[in-house]
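[1] A structural model of the following input is requested.
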Amino acid sequence: MKFIAFAFSCFLIFSIPANAGDADTFNGMVALANKGHAEAQYHVGMMHNNGIGTRQDPRQAFEWFQKAAASNDPLGAYKLGCYYDGQGAGIVTADPNEALRYKLVAAKAGYSLAQHDVANLYDRQGNSQEALKWWKMAGDQGYPRALYSLSMAYSAGKGTPRDLSLSYAYFKLSTLAPRKNVNEMASMLSKPELEKAEKLVSAWSAQPTALTLKAKSGVSAAEELLKTARK
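    All right, here's what the predicted structure looks like:
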């Protein structure tokens with residue numbers, strides 16, 4: 001049984017009993033991580049984080065994310081940022097500055113979820129222009145919540161001149177709103193505005209980075225890493 005992509009969210013999920021294959025992957029990954037392999041350190045952290053191949057242990061996960069981040073693994077840095085962003089209650093004190101520092105590493109490396117989170121952190125600081133920049137990067141990769149945030153920003157003229165065509169286009173692309181709401185927004189646009197928006201929608205396609213795809217592949221990425229290391 002395969003598990004969901006374990007880098008997809010900052011939030012912990014319930015532990016799932018490990019099967020033999022996951023336990024083998026975990027043991028192999030620990031051996032590789034102990035040799036200083038940065039990506040392996042991240043995977044060990046995620047397996048502790050989610051209880052895959054081992055018992056769920058957030059404290060152990062945090063320690064491995066620290067090692068991965070120190071070894072310059074961007075996904076390890078992202079998860080370390082998640083712990084500073086509130087996931088690490090009882091393990092580390094929440095610190096928005098540290099959360100931003102570590103998540104920026106993964107955002108700059110191209111991870112869409114990190115880019116979205118960085119945008120939100122800048123938005124909380126009142127830095128609308130910087131937030132818009134990172135929402136755009138995540139949105140270009142097809143991250144729905146970033147597309148929705150872009151729609152709201154262009155609708156309100158937040159960090160950018162107000163543009164209802166772009167607002168509608170991003171709203172439609174986000175797929176988060178019911179069709180009824182999309183139609184209601186369309187009715188608010190002039191014919192030229194609507195034509196511009198529909199042209200943008202039809203020409204758009206998500207462009208996820210290699211790092212985003214790796215993060216979404218979850219434990220499969222760990223298995224592939226082991227196969228490569230054993231060749």
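[2] can you report how many residues neighbour residue 24?
    14 (other CB atoms under 10 Å). Where C-beta positions appear, they are placed from N, C-alpha and C, glycine not excepted.
[3] can you tell me how far the residue nearest to the spatial centre of the chain sits from residue 55?
    Centroid-nearest residue in the chain, with CA atoms, centre = their mean: residue 113, separated by 1.9 Å. Computed as CB to CB, to the nearest Å, the residue 113 to residue 55 distance reads 26 Å.
[4] circling back: name the element the residue nearest to the centre of the chain belongs to?
    helix 112-125 (DSSP states H and E).
[5] may I see the buried residues of the following helix or strand past that helix?
    Under the assignment DSSP H and E, the closest C-terminal helix or strand after helix 112-125 is helix 128-140. By 16 or more other CB atoms under 10 Å, the buried positions in helix 128-140 come out as 128, 130, 131, 132, 133, 134, 135, 136, 137, 138, 139, 140.
[6] ok, stretch 208-224 next?
    Of the residues in stretch 208-224, those buried (16+ other CB under 10 Å) are 208-209, 211-212, 214-219, 221-223.
[7] and for stretch 147-158?
    Neighbour-count burial for stretch 147-158 [16+ other CB under 10 Å]: 147, 148, 149, 150, 151, 153, 154, 155.
[8] on the pLDDT front, check residue 229 for me.
    According to the prediction, residue 229 has pLDDT 88.
[9] tell me which element it falls in.
    Per DSSP H and E, the secondary structure element for residue 229 is helix 219-230.
[10] still on that earlier bit, separation between the residue nearest to the centre of the chain and residue 64?
    Distance from residue 113 to residue 64, by CB to CB: 19 Å.
[11] then residue 167?
    From residue 167 to residue 64 the distance is 41 Å (CB to CB).
[12] what about the two, which has more around it?
    Each of residue 167 and residue 64 has its neighbours counted (other CB under 10 Å); residue 64 has more, 26 against 23.
[13] quick one: the more buried one and residue 34 touch, right?
    No. At 10.6 Å, residue 64 does not count as touching residue 34 under the criterion of CB atoms under 8 Å.
[14] what comes up buried for stretch 32-40?
    Across stretch 32-40, burial judged by 16+ other CB under 10 Å covers 32, 33, 37, 38, 39, 40.
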